[in-house]
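Asks: fold the following and give me the result.
(3 chains)
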Amino acid sequence: MTSISEQFGREDWSRFSSRQKWQRFAIFAICALAIAWSITSIEVVWAWVWDAPGQMGDLFERMYPPDTTNIASILRVLWQTVNIATFATAFAVLMSLPVAYLAAQNTTPNRATLWLGRLILVTSRSVNTIIWALLFVAIFGPGVVAGIVAIMFRSIGFVGKLLGEAIEEIDKRPVEALEATGASRFKVIAYAIVPQVMPTFWAVAILRWDINLRESTVLGLVGAGGIGIILQGAIDTFNWPEAATVLLAILALVILGEVISAFLRRRIL
Amino acid sequence: MLKITDLVKRYGSGDPVLKNLDLTIEGESVVSIIGSSGAGKSTLLRCINRLVEPTSGSIELNGTELTSLRGRQLRAARRKIGMVFQGFNLVDRLTVMENVQSGRLGYLSTWAAIMRRYPKEDIRRAFELMERVGIAHYANTRADQLSGGERQRVGVVRALMQNPEILLADEPTASLDPKTSEQIMGLLRDLAGELKLPVLINIHNVAEAKEYTDRIVGMRYGRIIFDDAPARLDQDAMDRIYSGSPHADRSGDLRQAS
Amino acid sequence: MSATPDTWRKPPFIANPVIRWAVYLGALGYFLWVGATMPIDWNRVADGIGRAGRIFGGAFPPSFERSGLLIDGFLESLKIAILATTGGVLLSIPIAFMAARNVAPMPIYYLGRFVIIVARSFHPVIVAIIFVKAVGFGPFAGVLTLVVYSVGFVAKMLAERIEEIDFGQVEAMRAAGAPFFSTIFYAVFPQIMPRQIGLTIYQLDSNLRASAVVGIVGAGGIGATLANAFGRYDYDFALAITIVIVGVILISEGISGQIRKRIG
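Replies: Numbering: from 1, shown residues only, chains lettered A, B, ... in the order given. This is a model prediction of the structure:
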């Protein structure tokens, strides 16, 4: 009687087939090449790189202890930052409703409007808030208007895309039923589509508000209002302790914003 | 009275799903349509309220020709046709009252609809109908919290709120368990009598069709091949309606044509 | 038998009327009061419409004359993105393990979570400013900034994935007497790898977008070119740069979407 090892013994095994091995190697090689190219051709003064930890440490030393003498005006401007984010998000969310309607295949009137809706959303999403801010500071001058409009323009794309996807994913059967009762298009939307999309609507609005809170902290750096102005001022005058206070205030704001949005999400959804 | 003449529905260039159908439904009768899957029952029903566009033929409801209507006139015509669906087709997140009142959307102003300010007569009628079918205590409950049978009752009330001239039911009991199924069929039959309403029901369950309806129309592959009282539906007729396959029918037709 | 009711109101979303009215009035009050007291120079805004016309007039047609500069800037952004993704993802793995409740002991867990929270809370532009001040202008600051940005996202997502793994597989390895790292490699890594790869690709795309922007504060890449163009009122060049940025973002979004669909 032959033993198991005589019958079935094999000494070779590999997890990947030969072809797979070549594929994995190719992918690995491409990544390694990309990284090597980046490292070698990037314009970096390597002396500074080795110096970096020392420099960072030096910077943090200068920030400590944080200077709270101007905390009152910092908090005031921080409140203004919150308002910029809130107003801009509210306007953007309202304006994204018709755009999402146009950009959803099952609600858009025709191919031209579908294309238009999607174009608006893509343009809005692909241009970063700061770039919009640069544009609107050039148009409206420095101040909160540029900041609010910049955040609005960026947020419409974000909210509109997610809303459009939600509209496309609804259960179509109530839509059919209400059309069969002879209701006009508008009423069919109000009763069959809107209630289905509502949870996503609120979730996306709250999410974008949270993100915009962060975005609005940097608008001031290009002149579009908010606490970025104070931060820029402190850094330009090498007032590191005050800069540290501003940074801590921003940290507190963002954490508070996350707590509030988590709370709202739990209550509403 | 519903009068269908020479109705044809063809998708693309293939064989027509409905082939030159003639059917007349007088007021106050409960008519069931039976046939195997693919016979065209659902298509027939949906051609009546134009959820599916007929290719040719005439559909007349109480004197109005339905096939040529569009826009506002089509909506006005649809208001008079109530429909009950196999999947209930309710708006899950809305309350039962809102779902029921959505049957009146064709009659309600946009503002009243959005603000949920329903006219007193509509609210009264809704409560009366809900009481009649046994769901009045669910008025403020979200539709997705009801059982299948209860949801279908909501669907029935919604259709009746339209004060329709005819009620169409597309396999209303296919998603329900046998006991609930019989309750709904009984409800449809009783309501037809109470409201003097013609009812057209697509149904799979031939036993229920025999028990709860006055007239059975048997379809096979796009044609009506049986139209008589339930008592006359014998085994022979059943075989003609249900046996065989669409493929055999198709080759049979081709042979006939050549 | 009682009469049939003829009135009906939909049950409101917030049941308690006190809270409901407080919320409505509070929201209304907030928007009215803040809206009225916002420091807006309406004259300037009205002017703005006119300026907008002039700017858009100046921006069309987009000028690709200095395309050399454009390409240099874009390539630098690309390099920043590649290096930042590499560094960020490598750094995220240990941090994610530190921030996973089922793997890390309590104090380390809090430390890990804290690191992630700080990394996420600051907008990359702010982080860029700090790094620029610390290590000087140029792409190195950009790479450091986006490493922090990557850690904030990738480590958080990875930690969540680690918390969701099937612990039975770890148990089995331990029962067989495997040492710590072998357990990690055999039981944990295979479960988190697909998510890890998806996150890496997503983050590469994300970093490409962000690298276009950190240049505005001096951290290298095409953002610097763009800020210069705006500063010099070269709106046609600015439009050209923006078009390139948008185009690159769309292409990379498309590619990363395709790759993630293949491996997902």
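Asks: quick check, residue B:89 in a strand?
Replies: No: assessed with DSSP: H, G, I helix; E, B strand; the rest coil, residue B:89 is coil; it does not lie in a strand.
Asks: look at it and say how many residues are nearby.
Replies: Applying the criterion other Cβ atoms under 10 Å in any protein chain shown, we find 23 residues in the vicinity of residue B:89. Quick note: C-beta positions are derived from backbone N, CA and C, even for glycine.
Asks: distance of it from residue A:4?
Replies: 63 Å (Cβ to Cβ, to the nearest Å).
Asks: just the CA coordinates of the helix or strand residue A:22 falls within, formatted as PDB?
Replies: Assessed by DSSP states H and E, residue A:22 sits inside helix A:18-41. What follows is helix A:18-41 as a C-alpha-only set of coordinates in PDB (Å, rounded to 0.1, in the frame of the first residue of the first chain):
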ATOM      1  CA  SER A  18       3.300  32.700 -13.700                       C
ATOM      2  CA  ARG A  19       1.200  35.300 -15.500                       C
ATOM      3  CA  GLN A  20       0.000  36.800 -12.300                       C
ATOM      4  CA  LYS A  21       3.500  37.000 -11.100                       C
ATOM      5  CA  TRP A  22       4.500  39.100 -14.100                       C
ATOM      6  CA  GLN A  23       1.400  41.300 -13.600                       C
ATOM      7  CA  ARG A  24       2.200  41.900 -10.000                       C
ATOM      8  CA  PHE A  25       5.800  42.600 -10.900                       C
ATOM      9  CA  ALA A  26       4.800  45.000 -13.600                       C
ATOM     10  CA  ILE A  27       2.600  47.000 -11.300                       C
ATOM     11  CA  PHE A  28       5.200  47.000  -8.600                       C
ATOM     12  CA  ALA A  29       7.800  48.200 -11.100                       C
ATOM     13  CA  ILE A  30       5.600  51.000 -12.400                       C
ATOM     14  CA  CYS A  31       5.000  52.300  -8.900                       C
ATOM     15  CA  ALA A  32       8.700  52.000  -8.000                       C
ATOM     16  CA  LEU A  33       9.600  53.900 -11.200                       C
ATOM     17  CA  ALA A  34       7.000  56.600 -10.500                       C
ATOM     18  CA  ILE A  35       8.400  57.100  -7.000                       C
ATOM     19  CA  ALA A  36      12.000  57.100  -8.200                       C
ATOM     20  CA  TRP A  37      11.200  59.600 -10.900                       C
ATOM     21  CA  SER A  38       9.500  61.800  -8.400                       C
ATOM     22  CA  ILE A  39      12.200  61.700  -5.900                       C
ATOM     23  CA  THR A  40      15.100  62.300  -8.300                       C
ATOM     24  CA  SER A  41      13.600  65.000 -10.300                       C
END
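Asks: mind naming the longest helix for chain C?
Replies: helix C:67-98 (DSSP state H).
Asks: quick one: buried residues of that one?
Replies: Using 16 or more other Cβ atoms under 10 Å in any protein chain shown as the test for burial, helix C:67-98 gives C:69-70, C:73-89, C:91-93, C:95-98.
Asks: next one: stretch B:9-28
Replies: Under 16+ other Cβ under 10 Å, the buried positions of stretch B:9-28 are B:9, B:16-19, B:21, B:23, B:25.
Asks: farthest-separated two in the residues you listed?
Replies: B:16 and B:25 (21.8 Å; Cβ to Cβ).
Asks: coming back round to it: okay if I get the buried residues of stretch B:9-28 as JSON lines plus distance to residue A:139?
Replies: Shown next, in JSON lines, are those (distance: Cβ to Cβ, whole Å):
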{"residue": "B:9", "distance to residue A:139": "57"}
{"residue": "B:16", "distance to residue A:139": "61"}
{"residue": "B:17", "distance to residue A:139": "59"}
{"residue": "B:18", "distance to residue A:139": "61"}
{"residue": "B:19", "distance to residue A:139": "66"}
{"residue": "B:21", "distance to residue A:139": "65"}
{"residue": "B:23", "distance to residue A:139": "67"}
{"residue": "B:25", "distance to residue A:139": "67"}
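Asks: mind checking which of those residues land in strands?
Replies: Under the assignment DSSP state E, the buried residues of stretch B:9-28 contribute B:9, B:16-19, B:21, B:23, B:25 to strands.
Asks: what's the pLDDT at residue 112?
Replies: I went with chain A, as the question did not name one. Residue A:112 carries a pLDDT value of 93.
Asks: should've been chain B
Replies: Note on residue B:112: pLDDT of 93.
Asks: figure out the helix or strand that it lives in.
Replies: Residue B:112 belongs to helix B:110-115 when assigned by DSSP H and E.
Asks: ok, now residue C:242?
Replies: Assigned by DSSP H and E, residue C:242 falls in helix C:235-263.
Asks: now for that helix, which elements pack on it?
Replies: Helix C:235-263 is packed against helix A:111-126, helix A:129-140, helix C:42-59, helix C:67-98, helix C:189-214, helix C:222-231, with contacts defined by 3 or more Cβ pairs under 8 Å, 6 or more residues apart in numbering or on different chains; DSSP states H and E.
Asks: any residue of the fourth one up close to chain A?
Replies: Think helix C:67-98. Yes: contact of helix C:67-98 with chain A (Cβ under 8 Å from any Cβ of the partner chain) involves C:76, C:78-80, C:82-83, C:86.
Asks: sorry, back to before: buried stuff in the helix holding residue C:242?
Replies: C:235-242, C:244-246, C:248-249, C:252-253, C:256, C:259-260.
Asks: who in chain B is up against chain A?
Replies: Counting by Cβ under 8 Å from any Cβ, the residues of chain B that sit close to chain A are B:49, B:51, B:74-83, B:85, B:87-94, B:98, B:102-106, B:108, B:110, B:113-114, B:155, B:158-159, B:162.
Asks: just the buried ones from those residues?
Replies: Using 16+ other Cβ under 10 Å, the buried ones in the residues of chain B next to chain A are B:49, B:51, B:74-75, B:77-83, B:85, B:87-94, B:98, B:102-106, B:108, B:113, B:155, B:158-159, B:162.
Asks: just to revisit the earlier point, how far is the helix holding residue B:112 from where the chain is centred?
Replies: Offset of helix B:110-115 from its chain centre (Cα atoms, centre = their mean, to the nearest Å): 28 Å.
Asks: list the contacts of that helix.
Replies: With Cβ atoms under 8 Å, 6 or more residues apart in numbering or on different chains as the test, helix B:110-115 has contacts from A:184, A:186-187, A:190-191, B:105, B:117-119.
Asks: can you give me the buried ones in whichever helix or strand comes after it?
Replies: Downstream of helix B:110-115, the first helix or strand assigned by DSSP H and E is helix B:120-133. For helix B:120-133, burial by neighbour count (16+ other Cβ under 10 Å) applies to B:122-127, B:129-130, B:132-133.
Asks: pLDDT added to the residues you listed, as TSV?
Replies: Output for the buried residues of helix B:120-133, formatted as TSV (pLDDT from 0 to 100):
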residue	pLDDT
B:122	94
B:123	95
B:124	95
B:125	94
B:126	95
B:127	95
B:129	94
B:130	95
B:132	93
B:133	94
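Asks: kindly identify which of those also come near chain C.
Replies: B:123-124, B:126-127.
Asks: ok, the residues you listed vs chain A, which is closest?
Replies: Among those, residue B:126 lies closest to chain A (Cβ to the nearest Cβ), at 14.1 Å.
Asks: find me the pLDDT at the closest residue to that closest one other than its chain neighbours, would you?
Replies: Excluding the flanking residues, the one nearest residue B:126 by Cβ to Cβ, 6 or more residues apart in numbering or on different chains is residue B:100, at 5.0 Å. pLDDT, residue B:100: 96.
Asks: quick check: residue B:100 touching residue B:133?
Replies: No: the pair residue B:100 / residue B:133 is not scored as a contact, 10.2 Å apart, by Cβ atoms under 8 Å.
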